[in-house]
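*Asks:* All I have is the shape, not the residue letters:
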Ligand SMILES: [Mg+2]
């Protein structure tokens with residue numbers, strides 16, 4: 001059952017309860033990157049992980065399976081993380097690298113390349129003249145960032161995104177994020193399906209493994225829901241944020257800051 005984010009127990013203060021769920025099982029951790037391991041920043045290229053967070057992830061990755069799941073391209077995440085013992089799933093799980101198995105790529109469907117090219121060109125045409133607007137082409141999607149765009153101009157970004165979608169209702173979909181529209185091929189895929197796929201592809205779909213997922217955004221809800229009843233979901237964010245507190249979630253716990261995430265990772269590693 002979905003819960004109000006404002007009612008979630010804190011994973012650190014309720015660590016005893018969480019340890020009971022973990023008893024006799026090995027955790028397999030799935031971590032979102034932006035907003036979970038790094039603060040949300042104005043420009044995506046500035047989302048640098050802190051040295052202490054990197055150490056916390058590394059310490060845990062030496063002890064159990066840790067997989068970073070991101071919408072970013074996989075090599076970008078690998079470079080940002082800089083931890084060799086880590087499993088990295090880029091492009092929302094379409095492109096995986098593991099220390100044991102190397103790369104594993106799901107067929108993306110080259111038939112979407114042309115429509116993504118067109119999307120990129122149309123976004124550039126409208127957004128390049130808007131101060132602060134940023135078009136980020138990715139391997140399997142195009143992101144339209146408007147965090148730095150003046151309020152009065154933001155509707156222009158939304159309008160072009162809507163127009164592109166209206167022209168390709170069967171081929172494209174949009175996932176809204178934090179001040180970003182991500183335009184993706186319309187394939188049945190989300191972070192929930194990605195996590196279930198990763199569990200199987202990585203050989204972690206066994207009764208002795210407790211999958212855990214940590215994320216901060218709307219797209220992470222799919223993963224919380226997919227793991228509900230078989231794993232542990234941890235929402236990262238502030239319940240007292242008015243935009244967040246009234247939302248419902250399938251996560252079981254909350255951590256409200258990067259510092260708490262770091263502390264929690266350390267507590268799992270010991
Ligand atoms: Mg995130």
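*Replies:* Here it is on my side, so go on. Because the structure is a prediction, the values reported are computed rather than measured.
*Asks:* which stretches of the protein aren't confidently modelled?
*Replies:* Counting by pLDDT under 70, the ranges of the chain that qualify are 107-109.
*Asks:* Could you tell me how far the closest residue to the ion within the chain is located from residue 187?
*Replies:* Closest to the ion within the chain is residue 35: 3.6 Å, counting by Cβ to the ion. All C-beta atoms are positioned from the backbone trio N, CA, C, and that covers glycine. Relative to residue 187, residue 35 is positioned 24 Å away (Cβ to Cβ, to the nearest Å).
*Asks:* what about the two, which has more around it?
*Replies:* residue 35 (19 against 16; other Cβ atoms under 10 Å).
*Asks:* surely that one meets residue 219?
*Replies:* No - using Cβ atoms under 8 Å, residue 35 is not in contact with residue 219, being 10.4 Å away.
*Asks:* Can you tell me the SS state at residue 234?
*Replies:* strand (DSSP: H, G, I helix; E, B strand; the rest coil).
*Asks:* right, I mislabeled it, should have said residue 84
*Replies:* coil.
*Asks:* Please report how far the nearest residue to it once chain neighbours are set aside lies from residue 90.
*Replies:* Spatial nearest neighbour of residue 84, excluding adjacent residues (Cβ to Cβ, 6 or more residues apart in numbering): residue 99 at 6.5 Å. With distances taken as Cβ to Cβ, residue 99 is found 15 Å from residue 90.
*Asks:* can you list the residues of the chain near the ion?
*Replies:* 32, 34-35, 216-217 (Cβ under 5 Å from the ion).
*Asks:* which ones are touching the nearest residue to residue 24 once chain neighbours are set aside?
*Replies:* Closest residue to residue 24 apart from its sequence neighbours, by Cβ to Cβ, 6+ apart: residue 208 at 7.6 Å. By Cβ atoms under 8 Å, 6 or more residues apart in numbering, the residues touching residue 208 are 24-26.
*Asks:* what are the ranges of the helices in the stretch 101-250 of the chain?
*Replies:* Counting by DSSP state H, counting those that start in this stretch, the stretch 101-250 of the chain has helices at residues 113-127, 154-167, 191-201, 221-227, 242-245.
*Asks:* would you turn the ones you listed into CSV with distance to residue 137 and mean neighbour count?
*Replies:* CSV is the format used below for those (distance: least, Cβ to Cβ, whole Å; neighbours: other Cβ atoms under 10 Å):
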stretch, distance to residue 137, mean neighbour count
helix 113-127, 5, 17
helix 154-167, 14, 16
helix 191-201, 21, 21
helix 221-227, 23, 23
helix 242-245, 28, 12
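*Asks:* Tell me which residue is most central in the protein.
*Replies:* residue 32 (3.8 Å; Cα atoms, centre = their mean).
*Asks:* Quick check: beta-bridge partners of that one?
*Replies:* residue 69 (DSSP bridges).
*Asks:* Wait, it touches residue 215, no?
*Replies:* Yes - at 3.7 Å, residue 32 counts as touching residue 215 under the criterion of Cβ under 8 Å.
*Asks:* How many neighbouring residues does residue 97 have?
*Replies:* Neighbours of residue 97 using other Cβ under 10 Å come to 19.
*Asks:* Tell me what it is bridged to.
*Replies:* Taking DSSP bridges as the rule, residue 97 bridges to residue 88, residue 103.
*Asks:* Report the buried residues of the helix or strand residue 267 falls within.
*Replies:* Using DSSP states H and E, residue 267 falls within helix 258-269. Neighbour counts over helix 258-269 (16 or more other Cβ atoms under 10 Å) mark 258, 260-262, 264-265, 268-269 as buried.
*Asks:* Please name every helix or strand in contact with that helix.
*Replies:* helix 51-61 (3 or more Cβ pairs under 8 Å, 6 or more residues apart in numbering; DSSP states H and E).
*Asks:* tilt between the helix it packs on and helix 258-269?
*Replies:* 20 degrees (axes from the mean of the first three to the mean of the last three Cα atoms, to 10 degrees).
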